[in-house]
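**Q** dropping the sequence and predicted coords here.
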Amino acid sequence: MRTQIAIIGGGISGLTAAFYLHKKGIPFVLLEKEQQSGGALKSEKLDGYSLERGANTVAMNVELQEMIADLDLEAEIEKPFESSHKRYIYRNGSLHALTQSPLSLFKSSLLSRSAKWRLAREAFVSSKSDGTESVAEFFSRRIGREAYEYLVAAGLQGVYAGIAEQMHMKSVMPALVQMEEEKGSLLKGLIARQKEAKKSGAPKRSIFAVKGGMNKLAERIREVCGESIRTSTAVDNLKKTERGYQIEAEGMGFEAEQLIYAAPAHAANMLEEMSPELSRALLRIPYAPMILLHLAYDATALGQAVDGFGFLIPPKENTALLGAIWNSGIFSERSPKEKRLFTLFVGGARQPDLDPQHSRSHIEQAQQEFEKIMKIKSPAVFQDLSYWKYAIPQYSMRHPEILSEIRQAQESLPDFYLIGNYIQGVSVGDCVTRAKKLVDSL
């Protein structure tokens with residue numbers, strides 16, 4: 001089969017590229033090894049509970065909003081309860097509430113007086129970033145060690161499941177590094193950005209889910225693109241030819257003028273024969289494992305109010321549990337009546353060898369910690385576990401060096417493109433933005 005463009009990988013990056021190629025009328029084929037496309041968008045209804053085995057919620061951005069409208073999915077978008085704007089951080093045996101207002105930091109009992117005073121002086125801290133700092137170094141310098149440990153380190157676990165001391169600041173949060181360079185302060189930069197967003201009319205940052213499950217987004221794209229998206233089609237061999245690229249998959253042959261690699265970096269063994277240098281560079285990107293433990297309890301068993309999004313636990317607290325989402329406190333109809341559903345996060349970069357088979361005691365410890373924090377008085381009435389060996393790519397201190405190796409290897413592969421969450425930005429919105437920009441540039 002001949003086509004103009006072949007896409008390898010049917011996660012949200014590959015699907016977005018497929019959708020916009022379809023919209024432009026450009027011939028393509030997408031090859032996905034799994035039976036279902038969607039990557040981390042995996043949903044299931046089980047015993048009356050709505051489970052998200054990957055992304056539980058998604059942050060809206062302009063490109064994602066446009067694609068949802070193009071897919072005629074706007075009526076399926078579910079907004080969270082107003083109370084979910086409240087988030088909690090765990091410290092010294094207690095949950096401390098924070099809201100979207102910066103003032104809530106100073107009203108909260110999370111930070112000590114000295115830490116609040118240090119945080120308030122952020123605008124007067126001199127700028128001296130050279131782009132080589134870790135996340136821990138950057139924020140400890142700008143907002144103080146305590147605020148870093150209980151705000152940033154906890155938040156980084158929630159997004160990347162990462163270790164802040166080992167993650168490259170300019171790769172993880174380039175916008176904040178730019179703010180310091182241009183404004184001399186994160187506070188001044190955030191104020192300026194808010195003013196610019198207000199003038200441009202850009203949508204406010206908000207989270208959403210899809211009624212019936214996040215995988216509906218993937219299913220709708222597959223419906224629109226039809227037979228151009230082929231699942232259960234693993235790539236067996238890949239070669240560069242004079243006319244483009246030749247792919248063998250499940251006994252079929254495909255020829256394409258251009259190739260988009262949208263599979264994860266950890267799957268780059270398939271590129272070994274075509275480009276050993278590129279394969280090695282991609283395989284250098286580390287991933288953190290993650291276990292999602294879905295638990296439900298009788299509503300009367302809870303001693304802690306479920307009046308927010310959930311909570312995060314800073315690494316300094318040294319717990320097995322990273323944090324939890326209060327599913328029943330965010331969206332309706334996530335659990336049967338008089339039951340409450342939660343998603344616990346266990347693992348991350350601090351537990352690189354984690355797996356359900358050999359880490360049972362660690363998982364049980366996380367559940368016990370959760371039940372203690374939530375003051376739960378009776379056993380769970382429902383339990384389910386999801387495991388991701390390669391959950392989230394880590395932008396380590398070597399990330400700029402690895403990206404440089406990737407770009408250098410790509411130079412010998414004309415009309416070959418990479419998209420995915422291992423480059424810059426791990427969110428669904430980031431992936432959609434990059435994939436759309438790529439298609440627009442072809």
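**A** Received the coordinates, thanks.

**Q** tell me who's in contact with the closest residue to M374 other than its chain neighbours.
**A** Excluding its sequence neighbours, the residue lying closest to M374 (C-beta to C-beta, 6 or more residues apart in numbering) is Q304, at 4.5 Å. For glycine as for every other residue, the C-beta is placed from the backbone atoms N, C-alpha and C. By C-beta atoms under 8 Å, 6 or more residues apart in numbering, the residues touching Q304 are 95, 373-375.

**Q** just G25 next, same as before
**A** Applying C-beta under 8 Å, 6+ apart, no residues contact G25.

**Q** okay, now the unreliable bits of the protein?
**A** Counting by pLDDT under 70, the ranges of the chain that qualify are 201-204.

**Q** hmm, A115 is touching E146, no?
**A** Yes: contact criterion C-beta atoms under 8 Å: A115 and E146 qualify, at 3.8 Å.

**Q** which stretches in the stretch 251-400 of the chain count as strands?
**A** With DSSP state E, counting those that start in this stretch, the ranges of strands along the stretch 251-400 of the chain come out as 252-261, 287-298, 310-312, 321-325, 339-347, 382-393.

**Q** which other helices and strands contact the first one?
**A** So that's strand 252-261. strand 2-8, strand 28-31, strand 244-249, strand 416-418 (3 or more C-beta pairs under 8 Å, 6 or more residues apart in numbering; DSSP states H and E).

**Q** change it to 7 Å
**A** Contact here means 3 or more C-beta pairs under 7 Å, 6 or more residues apart in numbering; DSSP states H and E; on that basis strand 252-261 packs against strand 2-8, strand 244-249, strand 416-418.

**Q** now do the contacts for A281.
**A** 402, 405-406, 409 (C-beta atoms under 7 Å, 6 or more residues apart in numbering).

**Q** sorry, wrong one. I was asking about V428.
**A** 12, 55, 58.

**Q** how much space between it and A209?
**A** 11 Å (C-beta to C-beta, to the nearest Å).

**Q** same question, V135
**A** Counting by C-beta to C-beta, the separation of V135 from A209 is 28 Å.

**Q** more neighbours, these two?
**A** Neighbour count, other C-beta atoms under 10 Å: between V135 and A209, V135 has more, with 28 against 24.

**Q** ok, that one touching A164?
**A** Yes: the pair V135 / A164 is scored as a contact, 4.2 Å apart, by C-beta atoms under 7 Å.

**Q** please enumerate the shared neighbours of these two.
**A** Counting by C-beta under 7 Å, 6+ apart, the residues touching both V135 and A164 are 152, 156.

**Q** re earlier: how about TSV for the helices and strands packed on strand 252-261, with mean neighbour count and distance to A267 added?
**A** Shown next, in TSV, are those (neighbours: other C-beta atoms under 10 Å; distance: least, C-beta to C-beta, whole Å):
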stretch	mean neighbour count	distance to A267
strand 2-8	22	9
strand 244-249	20	13
strand 416-418	21	12
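
**Q** in CSV, list those strands along with distance to Y297.
**A** Converted to CSV, these look like this (distance: least, C-beta to C-beta, whole Å):
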stretch, distance to Y297
strand 2-8, 42
strand 244-249, 45
strand 416-418, 44
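
**Q** for the ones you listed, which one sits closest to K170?
**A** Across the helices and strands packed on strand 252-261, K170 has its closest neighbour in strand 416-418 (19.4 Å, C-beta to C-beta).

**Q** beyond the closest one, next helix or strand please.
**A** Following strand 416-418 in sequence order, the next helix or strand is helix 428-441 (DSSP states H and E).

**Q** give the buried residues for that next one.
**A** 428-436, 438-439 (16 or more other C-beta atoms under 10 Å).

**Q** before we move on, the earlier item: max pairwise distance over the contacts of A281: which two?
**A** Spanning the widest gap among these are I402 and A409, at 10.6 Å by C-beta to C-beta.

**Q** so those two - more neighbours on which side?
**A** Neighbour count, other C-beta under 10 Å: between I402 and A409, I402 has more, with 22 against 19.

**Q** measure M374 to A380 for me?
**A** The value you get for M374 to A380, if C-beta to C-beta is used, is 11 Å.

**Q** of those two, who's got more company?
**A** M374 (22 against 17).

**Q** pretty sure that one contacts A305?
**A** No: checked against C-beta under 7 Å, the pair M374 and A305 is beyond contact range at 9.6 Å.

**Q** ok, R121 - contacts?
**A** By C-beta under 7 Å, 6+ apart, R121 lies in contact with nothing.

**Q** next one: it from Y150, what distance?
**A** From R121 over to Y150 (counting by C-beta to C-beta), the distance is 17 Å.

**Q** same question for L41.
**A** 31 Å.

**Q** hmm, back to that, show me the one of the helices and strands packed on strand 252-261 that comes nearest L322.
**A** The minimum distance between L322 and the helices and strands packed on strand 252-261 falls on strand 416-418, with 29.1 Å, by C-beta to C-beta.

**Q** A17: what's it in contact with?
**A** By C-beta under 7 Å, 6+ apart, the contact list for A17 reads 7, 260, 262, 419, 435, 438-439.

**Q** turn those residues into a markdown table, including distance to S108.
**A** Formatted as a markdown table, the contacts of A17 follow (distance: C-beta to C-beta, whole Å):
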| residue | distance to S108 |
| --- | --- |
| I7 | 46 |
| I260 | 45 |
| A262 | 41 |
| I419 | 39 |
| A435 | 38 |
| L438 | 42 |
| V439 | 44 |
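
**Q** from those, which two are the most distant?
**A** A262 and V439 (11.5 Å).

**Q** of the helices and strands packed on strand 252-261, which is nearest A324?
**A** Comparing those by C-beta to C-beta, strand 416-418 comes nearest, at 34.0 Å.

**Q** what's in contact with that closest one?
**A** Contacts for strand 416-418 (C-beta under 7 Å, 6+ apart): 259-261, 406, 410, 438.

**Q** tell me the spacing between the residue sitting furthest away from the middle of the chain and F370.
**A** The C-alpha centroid of the chain is most remote from E242, which lies 37.5 Å away (C-alpha atoms, centre = their mean). With distances taken as C-beta to C-beta, E242 is found 58 Å from F370.

**Q** for A161, same thing?
**A** A161 sits 17 Å away from F370, taking C-beta to C-beta as the criterion.

**Q** now A40
**A** Relative to F370, A40 is positioned 23 Å away (criterion: C-beta to C-beta).

**Q** neighbours around the closest residue to A161 other than its chain neighbours, how many?
**A** Using C-beta to C-beta, 6+ apart and skipping the chain neighbours, the partner closest in space to A161 is G348 (3.4 Å). Residues lying near G348 (other C-beta under 10 Å) number 25.

**Q** contacts only, for G348.
**A** G348 sits next to 157, 161-162, 288, 290, 322 when contact means C-beta under 7 Å, 6+ apart.
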